[in-house]
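J.: turn this into a model:
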Amino acid sequence: MLLLAASAEQHSVHPLSIAIQKYVQAQQWTVPQHRSSRTIVARGMAAVVPEFEGFSGGDVLVGSCKLMQERGVEGMELIHPEDISMGYIYVARNGMLLGVIGIKDPIRPLMKKTLNQMRRYGVDEIVMLTGDSEAVAAQVAREMDIDSYHAEVLPEDKANYVMQLKKRGTVMMVGDGINDAPALAFAHVGTTLGSRQTDLAAETSAVTIRSEDPTRLIEALQLGRRTMGLIHQNFTATITVNSAAMLLGALGVITPLWAAIIHNTATLAVVLNSARILAPAQKKLLR
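T.: Coordinates of the predicted model:
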């Protein structure tokens, strides 16, 4: 069952798929090559695996309980996972359930601290959008003190929720997978977080943080707020100085040469003021 699952999930970057691949590699097992595979969005993988080392292959489905139900897989009534703290991957072959793989999907370290800091930084509401089951989502929401959550959602559902939230204020969407890409595109600020983010999510987002440390989100917010502060300073200084120079020049108090000098000096000052954002303390955000 594990080898069939690893074969079907061989090219997937989903965290649960990677967990299966790592386990099989740790056992030093040889993963059979599938003839074909395809991703079923927000559900799992389907693959055709040939016979291997005395084991039977066939049409393999690997994914969520909902995927198995939608495909009419037999034997689903025989298994009732009880540990809601685990993520479950169902494995079926030729329309029959082979079994279930339970995988611990731990919350990122420092995530709760990060969410608390974001609230203190002015974030009013934190909403979790996940394709996981209702039970898992509810448990995570309780542990993280999240304001609200939506479980078992499809990529288009995530995008719709983001569109609804945009009517109430500025939305920052954080994600890392293919399923997050539409929501990242629709958010005011799309942010990808993690070293295993997909190319599609990274290209769709406005901010890319290639780190597993969630506290980088706070650093990104601080950098963004500092940047906007510098922009406001530059606009205020430029408008004030240039307006004063124009007025003095029009009244004949200063010559056109001095007006030009003042204008160019203000421009240089704006550039130097903007360069403060590149201070060494902030460079770590640009890696």
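J.: shouldn't Thr267 be within a helix?
T.: Yes - Thr267: assigned to a helix according to DSSP: H, G, I helix; E, B strand; the rest coil.
J.: in this protein, which helix is the longest?
T.: Assignment by DSSP state H gives helix 216-250 as the longest helix of the chain.
J.: how far off centre is that one?
T.: 31 Å (CA atoms, centre = their mean, to the nearest Å).
J.: cool, and stretch 209-218?
T.: The answer for stretch 209-218 is 11 Å, by CA atoms, centre = their mean.
J.: can you give me the end-to-end span of it?
T.: Stretch 209-218 has its terminal residues 11 Å apart, counting by CA to CA, to the nearest Å.
J.: which elements pack onto the longest helix of the chain?
T.: helix 111-120, strand 189-193, strand 207-209, helix 256-274 (3 or more CB pairs under 8 Å, 6 or more residues apart in numbering; DSSP states H and E). All C-beta spots, glycine's among them, are computed from the backbone N, C-alpha and C.
J.: got the contact list for the last one?
T.: For helix 256-274, the external contacting residues (CB atoms under 8 Å, 6 or more residues apart in numbering) are 230, 233-234, 237-238, 241-242, 244-246, 248-249, 254.
J.: equivalent analysis for the second one, please.
T.: Under the contact criterion CB under 8 Å, 6+ apart, strand 189-193 has outside partners 170-176, 180, 183-184, 201-202, 204-209, 211-212, 214, 216-217, 220, 224.
J.: let's verify Gly72: helix, strand, or coil?
T.: Quick answer, by three-state DSSP: Gly72 is coil.
J.: residues touching Ala202, list them.
T.: So Ala202 contacts 192, 208 (CB under 8 Å, 6+ apart).
J.: distance of it relative to Ala183?
T.: Per CB to CB, to the nearest Å, Ala202 is found 14 Å from Ala183.
J.: Phe52 now?
T.: 39 Å.
J.: pick out whichever of the two has more residues nearby.
T.: The neighbour count for Phe52 versus Ala183, taken as other CB atoms under 10 Å, is higher for Ala183 (28 against 15).
J.: okay, the helix or strand in which the more buried one is found in PDB with CA atoms only?
T.: Secondary-structure element containing Ala183, defined by DSSP states H and E: helix 181-186. Output in PDB follows, covering the C-alpha atoms of helix 181-186 (Å, rounded to 0.1, in the frame of the first residue of the first chain):
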ATOM      1  CA  ALA A 181      -2.700  30.200  -6.100                       C
ATOM      2  CA  PRO A 182      -6.200  31.600  -7.000                       C
ATOM      3  CA  ALA A 183      -6.700  33.100  -3.500                       C
ATOM      4  CA  LEU A 184      -3.100  34.600  -3.600                       C
ATOM      5  CA  ALA A 185      -3.900  36.300  -6.900                       C
ATOM      6  CA  PHE A 186      -7.200  37.800  -5.600                       C
END
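J.: so what touches that helix?
T.: 129, 155-156, 158-159, 161-163, 166, 173, 175, 190-192, 198, 200-201, 204-205.
J.: looking at the protein, which helix or strand is least sure?
T.: Least confident element among the helices and strands of the chain, by mean pLDDT, DSSP states H and E: helix 199-204 (a mean of 77).
J.: list the buried residues of it.
T.: 200-202, 204 (16 or more other CB atoms under 10 Å).
J.: return the member of the residues you listed nearest to Arg108.
T.: Set against Arg108, the nearest of the buried residues of helix 199-204 by CB to CB is Ala201 (16.3 Å).
J.: isn't that closest one right next to Val174, touching?
T.: No - here Ala201 does not reach Val174: they are 10.3 Å apart, not a contact under CB atoms under 8 Å.
J.: bridged to the residue most central in space within the chain, which residues?
T.: Taking CA atoms, centre = their mean, the centroid of the chain lies closest to Gly175, which sits 1.1 Å from it. Beta-bridge pairing for Gly175 (DSSP bridges): Thr192.
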